[in-house]
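**Q** Give me a 3D structure for the following:
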Amino acid sequence: MARNRKYFICSACGSDFPKWQGKCAVCGEWNTIVEAEAPAAAKPPPAAGAIDLGSVEFSPVHRIMTGIGEFNLVCGGGVVPGSVILIGGEPGIGKSTLALQIAGYLKTLYISGEESPVQIRLRAERIGCAMDGIRLSTSCGVEQIIGLAESERPQCIIVDSIQTLYTSDIPGLKGSVSQVRESASRLAEAAKRLNAVMILIGHITKEGAIAGPKLLEHLVDTVLYFEGNFSRDYRVLRAFKNRYGSVNEIGLFRMEERGLVEVTDKNKIFLNPYLSQAPGNAVSAAVEGSRIILFEVQSLVTASAFPNPRRMADGFDLNRLILIAAVLEKHAGLKISAFDVFINVSGGFQINDTAADLAVAVSIASSFRNRSVPQGMGFLGEISLSGEIRPVSLCGRRIHEFKHSGFTTLVLPGAEVSEAKAIGFDGTVIGIRTVQDAIDRIFE
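**A** The predicted structure follows:
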């Protein structure tokens, strides 16, 4: 019989080494290397047989509504029994508040490793959460939690947070890589066996903690991240992985004294307002899953005091801004190479859509010439390196949102003019071919 092999493992990050050393070469911690024993190699199991895909029996996915429409939307139309959902985000962003609000709509076993029962009760009172169906435990042992879930048989199990759990079978401190990975794996197996929704809360820091949610993404079915600026009340819940729905959906919330409140009029967040008369403002439309969101681009172009003028963007890709500035310099005659260019997307929204290129270019030209964009004007179009304005995807849906929000003029690629007329846009539609055409028509 093969003998067990001894090796050494870091209790902080879970890395293993062939011999003891004072400092972990992976995470840099001192005196965290402990001795461990690897099990003897077992005889490999016999090869498993294959089956025909067409013979696999299945049933339609059953979903449970939580009573929070934005959360249901991001999850794909409700939560699926037996699924594991990871909610990540910086500490204090609103993860525990959202979890407690979800718990109020389901028969829930709430595991709190960070807060006392009194603290959770006070939060529930503050946000008006229904408490009749919530069972609370402060146990941090994975084996105890699974045993409790088997006896309680809840619809939903919430763990706040995964970094506070441990299993006695694995060496390492709470929050270490090995503990987090093994705890999440065992809880996921239990959730599928009990057919309960498992919601895991994980903290990440701006520095990217080693035991953060990134470690767990391959173990769970759905990964949701809370995004937002602490200086603003609005929060965006975004799906980065979803085995039961789209990853393009976002949920919009506003943090208030009574908890997270769903945002019904999304354009009030990102338009500030669209009738603003200040130079440097332009409006475009982005596609976020099943939503069309109108947002305002704000630009500031000012003479630079540095040999290399600055290009800065908040909410917009910096490399894309540099490209658009170069196109404006070469193909639109805007001599901005000696000017600083600053871009901001109103409301803290993050734009990754090339359909916003034309709005960014027009806002830069507006600030540079110190001339305002006419009221009620929206922009759609991708800018190529040659200065041409290319069509954008889902243009019809974007045009419909402009129409619904009361815009009177649209500037878009010439190929999209017929679609705007087919939709029944009541205002003026300006079809353009190049970015030079757009600037000439708007500021003529």
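
**Q** Could you use CA atoms for every contact and neighbour count after this?
**A** Noted.

**Q** you'd agree residue 180 is up against residue 170?
**A** No: taking Cα atoms under 8 Å as the definition, residue 180 is not a contact partner of residue 170, at 10.1 Å.

**Q** Between the two, point out the one with more neighbours.
**A** Comparing residue 180 with residue 170 by other Cα atoms under 10 Å, the one with more neighbours is residue 180, at 27 against 14.

**Q** Look up how far residue 84 lies from that one.
**A** Counting by Cα to Cα, to the nearest Å, the separation of residue 180 from residue 84 is 15 Å.

**Q** Same question for residue 304.
**A** 51 Å.

**Q** same check, this time on residue 145
**A** As judged by Cα to Cα, residue 145 and residue 84 stand 15 Å apart.

**Q** now do residue 48
**A** Plainly put, residue 48 is 27 Å away from residue 84 if you go by Cα to Cα.

**Q** now residue 322
**A** Computed as Cα to Cα, the residue 322 to residue 84 distance reads 41 Å.

**Q** And the two? Which one has more around it.
**A** Taking neighbours as other Cα under 10 Å, residue 322 and residue 84 compare with residue 84 leading, 26 against 15.

**Q** For the residue nearest to the more buried one when sequence neighbours are not counted, which three-state class applies?
**A** Excluding the flanking residues, the one nearest residue 84 by Cα to Cα, 6 or more residues apart in numbering is residue 198, at 4.7 Å. Using DSSP: H, G, I helix; E, B strand; the rest coil, the structure places residue 198 in strand.

**Q** list the contacts for residue 198?
**A** Residues near residue 198 by Cα atoms under 8 Å, 6 or more residues apart in numbering: 82, 83, 84, 85, 156, 157, 158, 159, 187, 188, 191.

**Q** Can you pick out the most distant pair from these?
**A** Pairwise distances across the contacts of residue 198 peak at 14.8 Å for 82 and 159 (criterion: Cα to Cα).

**Q** Comparing the two, which residue is more hemmed in?
**A** residue 159 (28 against 20).

**Q** Partner strands of whichever helix or strand the more buried one is part of, with direction?
**A** Assigned by DSSP states H and E, residue 159 falls within strand 156-160. Here strand 156-160 has these sheet partners by DSSP bridges: strand 108-112 (parallel), strand 197-203 (parallel).

**Q** angle of the following helix or strand past that strand against strand 197-203?
**A** Toward the C-terminus, strand 156-160 is succeeded by helix 177-194 as the next helix or strand (DSSP H and E). Counting by axes from the mean of the first three to the mean of the last three Cα atoms, to 10 degrees, helix 177-194 lies at 160 degrees to strand 197-203.

**Q** Check which residues of helix 177-194 are buried.
**A** Neighbour-count burial for helix 177-194, counted by 16 or more other Cα atoms under 10 Å, picks out 177-184, 187-191, 194.

**Q** what residues does that helix touch?
**A** 11-14, 81-84, 142, 146, 150, 153, 162-163, 165-167, 170-174, 197-198, 210-211, 215-216, 219-220.

**Q** Return the residues in contact with the closest residue to residue 80 other than its chain neighbours.
**A** Setting aside the residues directly before and after it, residue 80 is nearest to residue 63 in space (Cα to Cα, 6+ apart), at 4.7 Å. Shown in contact with residue 63 (Cα under 8 Å, 6+ apart): 77, 78, 79, 80, 81.

**Q** pretty sure the second one is touching residue 66, no?
**A** Read that as residue 78. Yes: contact criterion Cα under 8 Å: residue 78 and residue 66 qualify, at 6.8 Å.

**Q** So those two - more neighbours on which side?
**A** residue 78 (21 against 18).

**Q** who touches that one in this structure?
**A** Counting by Cα under 8 Å, 6+ apart, residue 78 touches 63, 64, 65, 66, 71, 72.

**Q** right, and the helix or strand after the lowest-mean-pLDDT helix or strand in the chain?
**A** None of the helices or strands of the chain scores lower by mean pLDDT, DSSP states H and E than helix 267-270, at a mean of 69. Next in sequence after helix 267-270, counting helices and strands by DSSP H and E, comes strand 281-288.

**Q** Give me the helices and strands touching that next one, please.
**A** strand 291-303, helix 357-369, strand 377-379, helix 395-404 (3 or more Cα pairs under 8 Å, 6 or more residues apart in numbering; DSSP states H and E).

**Q** same for the shortest one, what does it pack against?
**A** With contacts defined as 3+ Cα pairs under 8 Å, 6+ apart, the packing partners of strand 377-379 are strand 281-288, helix 357-369, strand 409-413.

**Q** can I get those in TSV with mean neighbour count?
**A** Conversion of the helices and strands packed on strand 377-379 to TSV gives the following (neighbours: other Cα atoms under 10 Å):
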stretch	mean neighbour count
strand 281-288	25
helix 357-369	25
strand 409-413	24
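
**Q** Turn these into a markdown table, including distance to residue 104 and mean pLDDT.
**A** Listed next are the helices and strands packed on strand 377-379 as a markdown table, based on distance: least, Cα to Cα, whole Å; pLDDT from 0 to 100:
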| stretch | distance to residue 104 | mean pLDDT |
| --- | --- | --- |
| strand 281-288 | 28 | 90 |
| helix 357-369 | 43 | 96 |
| strand 409-413 | 45 | 94 |
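
**Q** Start from the N-terminal end of the stretch 1-150 of the chain and give the helices.
**A** 69-75, 95-103, 117-127, 142-152 (DSSP state H, counting those that start in this stretch).

**Q** do the same with the stretch 201-350 of the chain
**A** With helices called from DSSP H, counting those that start in this stretch, the stretch 201-350 of the chain shows them at 267-270, 318-331.

**Q** For those helices, which has the smallest mean pLDDT value?
**A** Mean pLDDT is lowest for helix 267-270 among the helices of the stretch 201-350 of the chain, at a mean of 69.

**Q** about what we covered before: let's have the helices and strands packed on strand 281-288 in a markdown table, adding distance to residue 93.
**A** Shown next, in a markdown table, are the helices and strands packed on strand 281-288 (distance: least, Cα to Cα, whole Å):
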| stretch | distance to residue 93 |
| --- | --- |
| strand 291-303 | 22 |
| helix 357-369 | 30 |
| strand 377-379 | 33 |
| helix 395-404 | 30 |
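
**Q** Out of these, flag the one nearest residue 327.
**A** helix 357-369 (9.0 Å).

**Q** who touches that closest one?
**A** For helix 357-369, contacts defined as Cα under 8 Å, 6+ apart pick out 279-284, 297-302, 321, 324-325, 328, 334, 336, 341, 343, 372-373, 378-383, 389, 435, 438-439.
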